[in-house]
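In: Sequence first, then the predicted structure:
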Amino acid sequence: MPTSKGTLNSQENQHQKWMLTLICLALAVLTVAAFIPIKDSGFISLDDDIYVYENTYIQSGLNANSIKQAFSSELAKVGHWHPLTWLSLMLDYQIFGLNPSGYHLVNLLFHVVNTLLLFLILRRMTKSLWPSAFVAALFAIHPLHVESVAWITERKDVLSTFFWMLTLGAYSYYVEHRGFRRYVFVLLFFTLGLLSKPMLVTLPFVLLLLDYWPLGRFSEFKPIRAVQTEILKSAVSGRQKKKSRKKVTEKGVIRGVPEVRKPATPESPFKWTLIYPLLLEKVPLFALAILSSIAAFLAAHSAGAVHTKDIPLGVRIGNASISYVAYIGKMILPINLAVFYPHPNMLVLWQVLGAAFLLIVITAAVIRLFRDVPYLITGWFWYLGTLVPVIGIVQAGSQAMADRYTYIPLIGLFIVVAWGVEEILRRWGHRQELFVIVSALCILCLSILTWRQVEYWENSSTLFDHTLKVTENNWFIHNSRGSMYNKSGNYNQAIDDYNRAIAYKPDYADAYNNRGNAYSKLDNYSQAIEDYNKTIAFKPDYAEAYNNRGSVYHRRGEYAEAIDDYCKAIQIKPDDATFYINRSIAYEGLGNKNMAVGDLKKAARLGDERVRNYLNLNGISWQ
């Protein structure tokens, strides 16, 4: 009995659903297998303290006050304004307490979901199954993405990317059937993404790239090659068997197929009348991006995380060019990855010129091929554009580059690789098996490298030791490892690391302050005061250094000098309750009880619960 066309279509749809399900399952298993060592990792003494285990707001859990603080400028003082990230960490604390495994597994869950969403969205937009799966697999297990997943502090990366993917998904639905209701979801997910991490400001730009390819909204005519590819696929599937036997002319036009009209002029795919509506519909997105950029800059500036004045503009531009190329190199050969790459401050001219020349050549080639190979435009400019906020032109932090910055940008390069491989396979069909084997080996090697990289994140010691092995003159990590030793009571080891940090960066105020703390613990007060003096000389507005020096004077019984330093610390940071408490104790040492009680009241009004309880027990009103 002949099978009906409807039955065949139903069977084909069922087969596609099973195939999508199997690929999603394979991607999830592959991702978890590569990152499974994360379950045994602990907190890292590199921002995890201020983000979680020493953050009183996070440890208050989800409540009205903590939610309010998440949207306030108080938590933004760490250098970022990302209230949704704070709320997610508060929820984690409510569930897991201070068990780091829970936080790590939530990060991994977001990474798995991001991988699946990337695959499904690319599949829906491009109608290409295996290239979409290959992009998702590279995204899932590339070692450059370990930092974003294994570092609890980088919850903002995986969370914001989750909303990035939802925005892309909502946008694909909107393009299919444009309407206000569907556009609202695009705005909603984009807003939530910006509230998770401001790096999503480049998303409207990416949507424009997707409008060109694969959505084809820039022109009423599809690219010639795209139409020919569709016809060839139709021929192979048996719907046009006769046409499949016809040869392709030297010009690339299939005989027997009506010629596809080219646009009237070379510029017509980018005619203003076609682009203008696409730009107009994204005006609300660009407006949100601008507001988020302003908020992010103000938060980073208030926290002292903007180092634009410390590094000359020419050096920043040169380092940006080198970083673009370096990220590509690390994508191809992901070895010697580190949590911190020191900024060189001085660059080699030939490296800057070589990197800039390479970027210009690649960009020119991509633009020249935009008609015949449209995915190159989307993939390459996705990579270039999404790195702009973190490439270092506006220097936030003191690093030259960071692996975590590639979490979203590398998707563009993965698209170029995946669709490029598909095109090579189509041209060299007799080598298909070889390419499949090579691709499988590539994924296997990346998975092993990712597993190994995740193991370095077991604890602060393993991470810092590895970073110092693969980088040079890393003053920041020596200082961080010194602080780790300092907290564990290993003061001599801490001093050794601080010495190395200062040797690499003689004006490093933090290292002098931290070394002063270590000397203070060893009761070497004269050396501690000398280090605090150097700290203040390099950074006159360092409130903690004044407070620390005041504490040393206090221990030596020099109360007047201690009070003077506490006053300077309070003048710089008048909202720090600790400074008032210390000054109160110094006043008590001088026998000035009225001033001592006055400072305790100020500390209580700033929210110190211990002081409030003490005053309440003694019947002293502090309000």
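Out: Noted; the coordinates are in hand.

In: now Gly169: how far from Leu208?
Out: For Gly169, the distance to Leu208 equals 17 Å [C-beta to C-beta, to the nearest Å]. (C-beta placed from N, C-alpha, C; glycine too.)

In: Show residues contacting stretch 145-155.
Out: 35, 38, 41, 43-44, 46-48, 51-52, 85, 88-89, 100, 103-104, 106-108, 110-111, 139, 157-158, 337, 339, 402-404, 406-407, 410, 450, 453-454, 457 (C-beta atoms under 8 Å, 6 or more residues apart in numbering).

In: Report the rounded mean pLDDT for it.
Out: Averaged across stretch 145-155, the pLDDT comes to 98.

In: Over to stretch 550-562?
Out: If you average the pLDDT over stretch 550-562, you get 95.

In: Distance from stretch 173-183 to the middle of the chain?
Out: How far stretch 173-183 lies from its chain's middle: 29 Å, per C-alpha atoms, centre = their mean, to the nearest Å.

In: quick one: terminal-to-terminal distance for that stretch?
Out: 9 Å (C-alpha to C-alpha, to the nearest Å).

In: what do you get for stretch 343-350?
Out: Taking C-alpha to C-alpha, stretch 343-350 runs 17 Å from one end to the other.

In: Ser526: how many residues sit nearby?
Out: A count of nearby residues for Ser526, using other C-beta atoms under 10 Å, gives 9.

In: What mean pLDDT does stretch 17-28 get?
Out: So the average pLDDT for stretch 17-28 ends up being 95.

In: Kindly report the same for stretch 120-132.
Out: For stretch 120-132, the mean per-residue pLDDT is 95.

In: One more: stretch 481-496?
Out: Across stretch 481-496, the average pLDDT comes to 96.

In: any idea how far that stretch is from the chain center?
Out: 29 Å.

In: For it, which residues meet the burial criterion?
Out: Of the residues in stretch 481-496, those buried by neighbour count under the rule 16 or more other C-beta atoms under 10 Å are 481-486, 491, 493-496.

In: Name the residues that touch that stretch?
Out: With contacts defined as C-beta under 8 Å, 6+ apart, stretch 481-496 is touched by 45, 460-461, 464-465, 468, 497-498, 501, 511, 514-515, 517-519, 521-522.

In: Check stretch 597-606 too.
Out: The contact list for stretch 597-606, computed with C-beta under 8 Å, 6+ apart, reads 575-578, 580-581, 583-584, 587, 611-612, 614-615, 620, 622-623.

In: 10 Å instead, please
Out: Contact partners of stretch 597-606, identified using C-beta atoms under 10 Å, 6 or more residues apart in numbering, comprise 563, 566, 570, 574-588, 592, 608, 610-616, 618, 620-623.

In: out of these, which are buried?
Out: Buried among the contacts of stretch 597-606 by 16+ other C-beta under 10 Å: 563, 566, 570, 576-588, 608, 611-612, 615, 622.

In: Please report phi then psi for Val470.
Out: Per-residue torsions, Val470: phi -100, psi 0 (degrees, to the nearest 10).

In: Enumerate every residue touching the closest residue in space to it that isn't next to it in sequence.
Out: Spatial nearest neighbour of Val470, excluding adjacent residues (C-beta to C-beta, 6 or more residues apart in numbering): Asn336 at 4.0 Å. Residues near Asn336 by C-beta under 10 Å, 6+ apart: 330, 466-467, 469-471.

In: Regarding Asn336, what is its secondary structure?
Out: coil (DSSP: H, G, I helix; E, B strand; the rest coil).

In: distance of it from Thr467?
Out: As for Asn336, its distance to Thr467 is 10 Å (criterion: C-beta to C-beta).

In: swap in Thr56?
Out: 29 Å.

In: In terms of neighbours, single out the busier of these two.
Out: Between Thr56 and Thr467, counted using other C-beta under 10 Å, the more crowded position is Thr467 (23 against 10).

In: Tell me if I'm right that that one and Ile477 touch.
Out: Yes. With contact defined as C-beta atoms under 10 Å, Thr467 reaches Ile477; the gap is 4.9 Å.

In: Point out the other helices and strands that the lengthiest helix in the chain packs with.
Out: Assignment by DSSP state H gives helix 5-35 as the longest helix of the chain. Identification of packing neighbours for helix 5-35 by 3 or more C-beta pairs under 10 Å, 6 or more residues apart in numbering; DSSP states H and E yields helix 100-126, helix 129-141, helix 146-150, helix 432-455.

In: Between the ones you listed, which one is closest to Asn65.
Out: When those are compared by C-beta to C-beta, helix 100-126 sits nearest Asn65, at 21.9 Å.

In: Pull out the buried positions in the helix or strand where Ala537 lies.
Out: Here Ala537 sits within helix 525-538, counting by DSSP states H and E. The neighbour-count check on helix 525-538 (16+ other C-beta under 10 Å) flags 525, 528-529, 531-532, 534-536, 538 as buried.

In: tally of neighbours for the nearest residue to Leu46 once chain neighbours are set aside?
Out: Leaving out its chain neighbours, the residue that sits closest to Leu46 by C-beta to C-beta, 6+ apart is Ser480, at 5.6 Å. Applying other C-beta under 10 Å, we find 24 residues neighbouring Ser480.

In: isn't Ser480 right next to Tyr508, touching?
Out: No. The criterion here is C-beta under 10 Å, and Ser480 misses it with Tyr508 at 11.9 Å.

In: host element of the nearest residue to Ile563 once chain neighbours are set aside?
Out: Among residues not flanking Ile563 along the chain, Ala586 sits closest, at 4.8 Å (C-beta to C-beta, 6+ apart). According to DSSP H and E, Ala586 maps onto helix 577-589.

In: Check Leu347 too.
Out: Assigned by DSSP H and E, Leu347 belongs to neither a helix nor a strand.

In: Quick check on Ala396: phi, psi?
Out: Dihedral pair for Ala396: phi -110, psi 120, per degrees, to the nearest 10.

In: what's the distance between it and Ile311?
Out: Taken as C-beta to C-beta, the span from Ala396 to Ile311 is 11 Å.

In: and if you look at Gly607?
Out: 36 Å.

In: neighbour-wise, which of the two wins?
Out: Ile311 (17 against 12).

In: List the contacts of the more buried one.
Out: Taking C-beta under 10 Å, 6+ apart, one finds 319, 343-345, 392, 395, 398, 400 in contact with Ile311.

In: and which of the residues you listed is nearest to Ile275?
Out: Nearest member of the contacts of Ile311 to Ile275, counting by C-beta to C-beta, is Gly392, at 30.3 Å.

In: just for the stretch 151-300 of the chain, where's the confidence low?
Out: The stretch 151-300 of the chain contains residues with pLDDT under 70 at 219-273, 300.

In: what about Phe370, which SS state?
Out: Here Phe370 is recorded as coil under three-state DSSP.

In: Kindly apply the preceding question to Gly193 instead.
Out: Assigned with three-state DSSP, Gly193 falls in the helix class.

In: Which residue lies closest in space to it, excluding its sequence neighbours?
Out: Gly193 sits nearest to Phe163 (C-beta to C-beta, 6+ apart), 3.4 Å away.

In: now the strand or helix carrying that neighbour, how far from the centre of its chain.
Out: In this assignment (DSSP H and E), Phe163 forms part of helix 155-176. The chain centre lies 15 Å from the centre of helix 155-176; the measure is C-alpha atoms, centre = their mean.

In: Buried residues, it. List them.
Out: Result for helix 155-176 [16+ other C-beta under 10 Å]: buried residues 155-172, 174-175.

In: Got the phi and psi for Asp541?
Out: Main-chain torsions, Asp541, degrees, to the nearest 10: phi -100, psi 30.
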